[in-house]
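*Asks:* Sharing a model that was predicted from the sequence below.
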Amino acid sequence: MKHARLRFVLALALLVASFLPALPPSDGRFDAWLSAGRAAAAPNPIVAENQQPGSSGWLFTLDPSGTPMKAENHEIEGYASATSVNKGAPISFMVSLSASSQFTMDIYRMGYYPTGTNPDGTPCDGPCGGRLMQRVGPLNGVKQATCPTVTDTASIRFGMIECSWNPSHTLTVPTTWTTGNYIAKLRHSGNGRESYIPFTVRDDAAPADFVFVMEVTTWQAYNFWGGSGNNNIGYNLYGKFHDTNLDNIAGPAASAVSFDRPYLVQGETDGAGMFFVYDYPMVRWLEKEGYNVTYATDVDIETNPNLLNGRKGFLNVGHDEYYSQQMLDNVKGYIAAGKHMGFFSANNFYFRIRWENSVSGKPLRRIICAKNPSKDPTTLRFRDLSPPQPENATGGTMLGGVADNRPWRVADAAHWIFAGTGLQNYVSGTPVLSGPNQNAIAGLVGYEFDSRATSEASLSSFVSYEPAGLRTLAHSFVPAADNGVDSYSDATIYTAPSGAIVFSAGTMQWAWGVDTGMHTGYNDNNPNFANAKSQQITANLLAEFLKPPGRARAGGGPEPDEPDLRQPGGEHHQRRPGGHADQHRERGADDQRHRPGRGQRGRLRPDQHLPARPGHPGGGGELHDQRHLPADRRRQPHRHALDRRQRHRQPAHRRPRGHGDDGTGGEPEPNQPQLRQPADR
């Protein structure tokens with residue numbers, strides 16, 4: 001009997017082992033083993049989706065001269081009836097043409113897609129970056145009605161432009177489609193001009209490890225589309241603009257903006273919001289690495305306090321500046337429920353907004369943000385409310401200023417988040433950006449950065465709001481040449497009482513370190529900063545997020561019962577073809593055969609005071625040098641409306657050029673202060 005029981009136990013053990021991945025490899029690549037275990041534990045729709053054949057047809061078509069056929073003068077444009085839609089539900093697209101004609105609409109899911117074809121049938125050179133899901137049309141298109149502008153400066157809705165266009169097509173999202181960010185590529189059948197409409201497909205019922213949130217309220221805050229019926233004059237929450245020549249025009253900023261209009265955003269003028277600037281590089285990397293991620297927008301934070309139920313963590317990238325009180329409360333609720341936060345971003349939950357229904361009564365279509373207490377005392381910076389709700393109380397950091405691609409300097413190399421990178425602490429002198437003594441990562445600090453309240457005298461009144469156990473991971477100098485005064489960007493981490501890990505990268509540009517992204521020709525991101533160190537750090541953080549409750553570490557080195565992930569070489573696992581080593585040949589990064597015509601007018605923020613210059617985002621290095629282009633075809637540099645903060649900064653056209661545009665950081669700062677490093681909780 002005893003031997004029979006032993007044989008049964010052994011047989012059972014062998015059966016269980018046959019369903020498990022191998023033990024962690026002896027070289028310490030634990031996260032690769034963890035990913036394999038996750039894939040074995042449950043089906044991963046992201047892995048299956050990216051095994052489908054991709055297509056690069058989502059990129060704008062090139063004319064015979066190699067110039068993208070992007071609609072520059074309202075030839076074709078449109079918007080969606082919602083920022084996101086659940087699988088199986090309908091979404092409508094409102095499209096307007098400059099004159100009656102037919103048009104087509106190709107719908108693409110954006111991801112990695114390592115194999116597939118170009119429109120001419122040749123294989124994609126590197127990942128395709130998207131997958132064609134459905135072709136629609138040809139449809140009959142018309143010029144839709146002029147979208148009225150609120151011109152009463154005393155109105156809380158001043159500057160708001162809201163369209164009431166008729167639906168051109170309604171899509172019921174197939175239940176077989178995978179959650180993700182989607183692009184509807186519009187093409188005018190007469191003149192061939194093209195534009196994008198972005199939307200997100202959710203999968204509310206499916207479990208997933210992470211929720212990736214598109215920061216659409218901020219996209220809309222920077223949207224200055226006005227339309228031909230308004231003589232091409234548009235407004236956003238920062239000013240007044242001409243929406244075809246992109247000039248800033250003297251006049252007050254809007255107090256309200258509407259989702260019922262096409263996107264034409266400072267930083268990206270292709271119609272896709274800001275998706276290609278910050279979100280897309282992170283989307284590509286996450287899907288290349290096989291993370292089980294589901295997608296939503298920050299409008300869904302407003303409506304769904306249970307958005308993270310069944311999920312382990314929340315991810316955002318870039319710039320998530322505009323939050324309602326309900327949105328912020330729900331994020332705090334997610335943290336209190338033990339959900340991890342990956343803020344690969346800066347300038348988050350900065351301005352408080354409120355919502356209004358559209359003219360047709362549809363909720364969550366208007367954003368009100370007057371930024372003026374005499375006009376509306378409820379829509380100010382969170383830190384200016386009474387009582388204050390500064391952003392560092394949630395994320396650990398708060399807006400510090402602006403930077404020109406400065407190095408991200410390591411401050412706590414012993415922390416587990418740096419395992420396997422080989423990075424050392426930066427102490428003084430010029431940052432070391434490669435080699436065995438590397439202590440910083442080139443180019444990641446910008447455009448806006450966050451600081452700890454302990455790092456900036458101007459933020460000192462908010463020190464008491466810092467979460468207990470807040471730990472500084474990176475402390476990066478930003479010179480007065482960029483920001484008006486010498487400043488510091490801080491990356492931080494803390495563990496909430498619930499066990500939730502909250503990470504803040506301290507910079508908008510973190511995603512540029514994990515993947516090159518791909519240029520549409522009209523988006524402002526820099527493909528020169530992708531590196532294995534940033535990828536490893538991100539993978540280490542997500543590996544902690546994936547651990548069972550109570551097992552994730554708060555700080556310091558490896559726990560006694562955890563494997564030491566540190567290893568020479570810095571790679572977190574062996575990369576598949578098309579990984580980082582292959583990114584230098586990807587289309588949109590370095591292969592000019594497929595993307596001539598960069599530097600076309602209309603790509604970037606409409607700040608006409610600043611000269612185009614090599615080395616600025618999207619303008620660095622030989623491949624982005626635009627000195628050969630006529631002046632009117634050079635891109636404008638990556639700038640927000642620089643005078644919008646009531647701070648110490650010089651106007652954009654008077655600010656001297658910094659030393660760090662190439663990401664190297666230039667001269668070291670004098671007398672770097674000793675870091676305040678509280679004990680980890």
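*Replies:* The structure has been received and is ready for your questions. Predicted model only: the values in this text are computed from it and were never measured.
*Asks:* Just the buried positions in stretch 436-445, please.
*Replies:* Residues 438-445 are the ones in stretch 436-445 that count as buried (16 or more other CB atoms under 10 Å). Any C-beta I mention is one placed from the backbone N, CA and C, and that applies to glycine too.
*Asks:* Kindly report the same for stretch 335-354.
*Replies:* Quick answer for stretch 335-354 (16+ other CB under 10 Å): 335, 338-354.
*Asks:* now swap in stretch 71-81 and tell me
*Replies:* 71-72, 74-81.
*Asks:* now swap in stretch 96-109 and tell me
*Replies:* Residues of stretch 96-109 classed as buried: 96-98, 101, 103-109 (neighbour count, 16+ other CB under 10 Å).
*Asks:* Next: stretch 134-154.
*Replies:* 136-137, 139, 141, 144, 147, 149-150.
*Asks:* Return the item of these having minimum pLDDT.
*Replies:* pLDDT across the buried residues of stretch 134-154 is lowest for Gly137, at 93.
*Asks:* Chain neighbours aside, what residue packs nearest to that one?
*Replies:* In this structure, Gly137 finds its nearest non-sequential neighbour in Thr104, 3.8 Å apart by CB to CB, 6 or more residues apart in numbering.
*Asks:* Please apply the same query to Lys339.
*Replies:* Leu308 (4.5 Å).
*Asks:* who touches the one you found in this structure?
*Replies:* Residues in contact with Leu308 (CB atoms under 8 Å, 6 or more residues apart in numbering) are 211, 314, 334, 337, 339.
*Asks:* Quick one: residues contacting Pro281.
*Replies:* Pro281 neighbours (CB under 8 Å, 6+ apart): 317, 511-512, 514-517, 525, 530.
*Asks:* So it belongs to a strand, correct?
*Replies:* No: the assignment for Pro281 (DSSP: H, G, I helix; E, B strand; the rest coil) gives helix, which keeps it out of a strand.
*Asks:* Would you state the predicted confidence (pLDDT) at it?
*Replies:* Pro281 is given a pLDDT of 96.
*Asks:* ok, now His580?
*Replies:* Value for His580, per-residue pLDDT: 30.
*Asks:* And Gln266, by the same measure?
*Replies:* Model confidence at Gln266, given as pLDDT, is 88.
*Asks:* So which elements touch the strand or helix carrying Ser489?
*Replies:* Assigned by DSSP states H and E, Ser489 falls within strand 487-495. Packing partners of strand 487-495 (3 or more CB pairs under 8 Å, 6 or more residues apart in numbering; DSSP states H and E): strand 398-409, strand 440-451, strand 471-478, strand 501-504.
*Asks:* Reformat those as CSV; add mean pLDDT and distance to Phe382.
*Replies:* Shown next, in CSV, are these (pLDDT from 0 to 100; distance: least, CB to CB, whole Å):
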stretch, mean pLDDT, distance to Phe382
strand 398-409, 97, 9
strand 440-451, 97, 14
strand 471-478, 98, 22
strand 501-504, 98, 15
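*Asks:* Would you mind giving the ones you listed as a markdown table with distance to Val277 added?
*Replies:* Below are the helices and strands packed on strand 487-495 laid out as a markdown table (distance: least, CB to CB, whole Å):
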| stretch | distance to Val277 |
| --- | --- |
| strand 398-409 | 14 |
| strand 440-451 | 10 |
| strand 471-478 | 20 |
| strand 501-504 | 19 |
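*Asks:* Helix or strand: which one has the closest residue to Ser81 other than its chain neighbours?
*Replies:* Spatial nearest neighbour of Ser81, excluding adjacent residues (CB to CB, 6+ apart): Ser92 at 4.1 Å. Taking DSSP H and E as the definition, Ser92 sits inside strand 90-97.
*Asks:* do the same with Val317
*Replies:* Counting by DSSP H and E, Val317 is part of strand 313-319.
*Asks:* That strand - what's its average pLDDT?
*Replies:* Mean predicted lDDT for strand 313-319 stands at 96.
*Asks:* Three-state assignment for Met105, please.
*Replies:* strand.
*Asks:* Report the contact partners of the closest residue to it other than its chain neighbours.
*Replies:* Setting aside the residues directly before and after it, Met105 is nearest to Val136 in space (CB to CB, 6+ apart), at 4.2 Å. Contacts of Val136 were listed using CB under 8 Å, 6+ apart, and they are 104-107, 169, 171.
*Asks:* just to revisit the earlier point, next, the contact list for the residue nearest to Ser81, please.
*Replies:* Going by CB under 8 Å, 6+ apart, the list of residues near Ser92 reads 80-81, 167-171.
*Asks:* Point out the ones among the contacts of Leu308 that are inside helices.
*Replies:* Tyr334 (DSSP state H).
*Asks:* I'd like the contacts of Leu308 laid out as a markdown table, including distance to Lys375.
*Replies:* Converted to a markdown table, the contacts of Leu308 look like this (distance: CB to CB, whole Å):
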| residue | distance to Lys375 |
| --- | --- |
| Val211 | 34 |
| Phe314 | 32 |
| Tyr334 | 32 |
| Ala337 | 36 |
| Lys339 | 36 |
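*Asks:* Glu215 is in contact with Thr200, correct?
*Replies:* No: using CB atoms under 8 Å, Thr200 is not in contact with Glu215, being 11.3 Å away.
*Asks:* what about the strands in the stretch 151-300 of the chain?
*Replies:* Listed in chain order, the strands found in the stretch 151-300 of the chain under DSSP state E, counting those that start in this stretch are 169-172, 180-188, 194-202, 210-214, 233-236, 239-242, 248-249, 256-258, 293-297.
*Asks:* list the residues that contact both of Thr200 and Glu215?
*Replies:* With CB under 8 Å, 6+ apart as the test, Thr200 and Glu215 both reach Thr297.
*Asks:* In the stretch 501-650 of the chain, where is pLDDT below threshold?
*Replies:* 554-650 (pLDDT under 70).
*Asks:* at 80 what do you get?
*Replies:* 519-521, 526-527, 550-650 (pLDDT under 80).
*Asks:* what do you get for the stretch 1-150 of the chain?
*Replies:* For the stretch 1-150 of the chain, the ranges with pLDDT under 80 are 1-43.
*Asks:* now with 50?
*Replies:* 1-41 (pLDDT under 50).
*Asks:* Which parts of it are helices?
*Replies:* 2-18, 30-41, 45-50 (DSSP state H, counting those that start in this stretch).
*Asks:* now the residue nearest to Met105: how far from Ala272?
*Replies:* Separation of Val136 from Ala272 (CB to CB, to the nearest Å): 18 Å.
*Asks:* now Arg187
*Replies:* Going from Arg187 to Ala272 by CB to CB gives 15 Å.
*Asks:* Am I right that Ser360 is in contact with Ser164?
*Replies:* Yes: here Ser360 reaches Ser164: they are 6.7 Å apart, a contact under CB under 8 Å.
*Asks:* Quickly check the contacts of Leu308 for the two that are furthest apart.
*Replies:* Val211 and Ala337 (12.9 Å; CB to CB).
*Asks:* Next, count neighbours for Asn525.
*Replies:* 29 (other CB atoms under 10 Å).
*Asks:* I should have written Gly310 there, sorry.
*Replies:* Count around Gly310 with other CB under 10 Å applied: 14.
*Asks:* Tell me the pLDDT of it.
*Replies:* So, for Gly310, pLDDT stands at 92.
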